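A.B. asks: model this:
(chains A, B and C)
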Amino acid sequence: MPARIALVPDAHGRGGRLHRLTEQGEPVGAPLRTAELAATVAELEAAEHPRWVWAAAESGYAPLLPALPRRLGRCHDLRLVEALLLAHEGRWGAPRSLGAAVARLRGLPVPADLPEAGPSEVQDTLFAPDRLQLPPGIDPLTAVLEVHADQQRRLRAIEGDEARSRFRLLVAAESAGALAAAEMAEDGLPWRTELHDRLLTELLGPRPHIPGTQPARLAELSVRLQQALGGKPFNPDSHTQVLRAFAEQGVRLTSTRVWELREVDHPAAELMIRYKELSRIHAAHGWAWQDAWVRGGRFRPEYVVGGVVSGRWASRGGGALQIPRILRRAVVADPGWRLVVADAAQLEPRVLAALSGDTALARTAAGGDLYQALAATAFQGDRDKAKLGLLGAMYGQTSGDIATLLATLRQRYPTAMGYVEAAARTGEEGGIVTSRLGRPCPPPSDAWLDQADSAAEPGGEGGEQGGRSTRARGRFTRNFVIQASAADWALALLAALRRRLAELQGPGGRPHLVFFQHDEVVVHSPAAMAEQVAATVTAAAEEASRLVFGASPVQFPMSTAVVECYADAK
DNA sequence: AAGTAACGCGCC
DNA sequence: AAAGGGCGCGTTACTT
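C.D. replies: The predicted model follows:
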């Protein structure tokens, strides 16, 4: 039975073409044409459970979703895999569209990737540019077959059995992420506009009738600020004007950051902090945001799989990954439904323990609260110190009182600390580090070189340890191995979870993922199934740990809550 | 008028 | 002496 099916939607209408493939990418039989692509795909999914091969989920999957009775199980997303392979091959600048990939294969001029679509373009699929970027005269299905076969060849050519099988796992997990991202964009996060409204009104005053006007509470704070700073009018949103206003009262600030304002002994400082808090909510997540991003009781952000070099996701529009905690009050399950909110407890230090094979740290990571356990063994029970020290080790921080904490960690956990320090050295020397599954970091870039120029050691002490930019890259690679391996794990979790959720079906409906944020998932579930979903999340986390880290003794516990309102989780 | 830099804050 | 990883996004200030 053929393992894969390539799929290409028609440029117009609901039809498309398909072609069965072997695992290696050789076409089997003749191509199929259908006038109802979604229906045909659904039939083939039920009968053959293939791995679907498409140019990109945006064009190959998202348009089918509304008409598909069930979600698809597996895919190979050519654009995401192309990006992974190009990075693996060290070709960082190269475009990754289907058209670019096929042009490279045929020795044609390689088209640049299109800039990412804005929200207006997303709505307007009819006139959306053809994002496949195919060179003229090349049939899209032919291109899919050629590029897929080439990618399978490149995957087979990866040196080392272990490295190759890990990278294949990465390819599968990244592709599963494409499925999950498209599905979450389709389903949306339950969002109660009336609760959001009420919250905004409590904080800011009623919604201004005239758009662009300041809400009452902000206007009032502006006035009080002005009075507290000598009465001269100034714009509290302008850094320069704020600095000047404070300076005229004899308060010299180097910035308008909140932490700096907190240390200022002047009545205006507190007002300024409050103003910044509220104006941020108004500007970033106020009524304008709601109008733009919430429709039909759902917040529908657009996720960008692999949008961060570490493999973390990014989002486009709506700031999906930066929703302030206070706004979680507006995220409420539908009647008769629950939100199962689960996050991996202290994911990154556990990843460090598993990555480095530090058995002492792994033992510490066996129980519930890793920082507490670490504090008990190494920091006389001081949890804050333990946390600060470990985070410092993972981020490359060396300031303040961190040094003694780091020394303690180095002594207790030489293997783990040696691992991050080796990664930092590799980075400082200009080398490449990779995640557990083989996602590589970018090479030293102009950004780091520029930083070297602009920061050219004004102290003049000369760099026996190298310059600021060298150390910055060391911090980057030090953190990369952990952040990117945590992203590997999170992708594996997501893949395992969506597969397991697809097997659950209750009378009230089917539980589905509605949110994913680095180390946290939210599942919208019929109330009667919520506990089962919680157990499924735990099982998925165990599967992810086994897949990514093999037989490591490190545990990756999920802290899970079943709630109606997102704000009530933890 | 439109694009870019800098700032500063939200999330992990 | 100081030295903290990754993003998105909205604002002002400045450049072209």
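A.B. asks: Let me know the next secondary structure element after the longest helix along chain A.
C.D. replies: Using DSSP state H to define each element, chain A has its longest helix at helix A:468-502. The helix or strand immediately downstream of helix A:468-502 is strand A:512-516, counting by DSSP states H and E.
A.B. asks: what's near enough to touch A:Arg96?
C.D. replies: Counting by Cβ atoms under 8 Å, 6 or more residues apart in numbering, A:Arg96 makes contact with A:Arg79, A:Glu82, A:Ala83, A:Leu86, A:Asp113. C-betas here are computed from N, CA, C, even on glycine.
A.B. asks: tell me the strands in the stretch 101-250 of chain A, going along the chain?
C.D. replies: Using DSSP state E, counting those that start in this stretch, the strands assigned to the stretch 101-250 of chain A run over residues A:189-190.
A.B. asks: Nearest to DNA strand C: which residue in it?
C.D. replies: Nearest residue of the stretch 101-250 of chain A to DNA strand C (Cβ to the nearest atom of the strand) works out as A:Ser238 at 3.3 Å.
A.B. asks: Contact residues of the stretch 401-550 of chain A facing DNA strand B?
C.D. replies: A:Gln517, A:His518, A:Asp519, A:Glu520 (Cβ under 7 Å from any atom of the strand).
A.B. asks: Now those residues in a markdown table, please, with extra columns for neighbour count, secondary structure and pLDDT.
C.D. replies: Output for these, formatted as a markdown table (neighbours: other Cβ atoms under 10 Å; DSSP: H, G, I helix; E, B strand; the rest coil; pLDDT from 0 to 100):
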| residue | neighbour count | secondary structure | pLDDT |
| --- | --- | --- | --- |
| A:Gln517 | 17 | coil | 91 |
| A:His518 | 17 | coil | 91 |
| A:Asp519 | 21 | coil | 92 |
| A:Glu520 | 16 | strand | 93 |
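A.B. asks: how many neighbours does A:His285 have?
C.D. replies: Residues near A:His285, counting by other Cβ atoms under 10 Å, number 22.
A.B. asks: try the one 5 residues further on
C.D. replies: Taking other Cβ under 10 Å as the neighbour definition, A:Gln290 ends up with a count of 18.
A.B. asks: C-terminal to the one helix or strand it maps to, which secondary structure element comes first?
C.D. replies: For A:Gln290, the enclosing helix or strand under DSSP H and E is helix A:287-293. Following the chain from helix A:287-293 toward its C-terminal end, the next helix or strand by DSSP H and E is strand A:294-295.
A.B. asks: Can you spell out which helices and strands pack onto that next one?
C.D. replies: With contacts taken as 3 or more Cβ pairs under 8 Å, 6 or more residues apart in numbering; DSSP states H and E, strand A:294-295 sits against no other helix or strand.
A.B. asks: Return the list of strands paired to it, each annotated with direction.
C.D. replies: With DSSP bridges as the test, strand A:294-295 is paired with strand A:298-299 (antiparallel).
A.B. asks: neighbouring contacts of the partner strand?
C.D. replies: A:Asp187, A:Gly188, A:Leu189, A:Pro190, A:Trp191, A:Trp293, A:Gly318, A:Ala320, A:Val331.
A.B. asks: ok, and which of those reach DNA strand C?
C.D. replies: Intersecting the contacts of strand A:298-299 with the contacts of DNA strand C gives A:Gly318 (criterion: Cβ under 7 Å from any atom of the strand).
A.B. asks: which of the contacts of strand A:298-299 lies closest to DNA strand B?
C.D. replies: Taking Cβ to the nearest atom of the strand as the measure, A:Ala320 is the one of the contacts of strand A:298-299 closest to DNA strand B, at 9.8 Å.
A.B. asks: returning to that earlier point: out of the residues of the stretch 401-550 of chain A next to DNA strand B, who's nearest A:Pro511?
C.D. replies: A:Glu520 (16.3 Å; Cβ to Cβ).
A.B. asks: Identify the bridge partners of the closest one.
C.D. replies: With DSSP bridges as the rule, A:Glu520 is bridged to A:Asp343.
A.B. asks: what's the spacing between it and A:Ala172?
C.D. replies: When distance is defined by Cβ to Cβ, to the nearest Å, A:Glu520 is 22 Å away from A:Ala172.
A.B. asks: what does A:Ala185 give?
C.D. replies: Here the criterion is Cβ to Cβ. By it, A:Ala185 lies 21 Å from A:Ala172.
A.B. asks: what does A:Phe234 give?
C.D. replies: Separation of A:Phe234 from A:Ala172 (Cβ to Cβ) stands at 56 Å.
A.B. asks: do A:Phe476 as well
C.D. replies: Counting by Cβ to Cβ, the gap from A:Phe476 to A:Ala172 is 27 Å.
A.B. asks: Kindly report the same for A:Tyr566.
C.D. replies: According to Cβ to Cβ, A:Tyr566 and A:Ala172 sit 30 Å apart.
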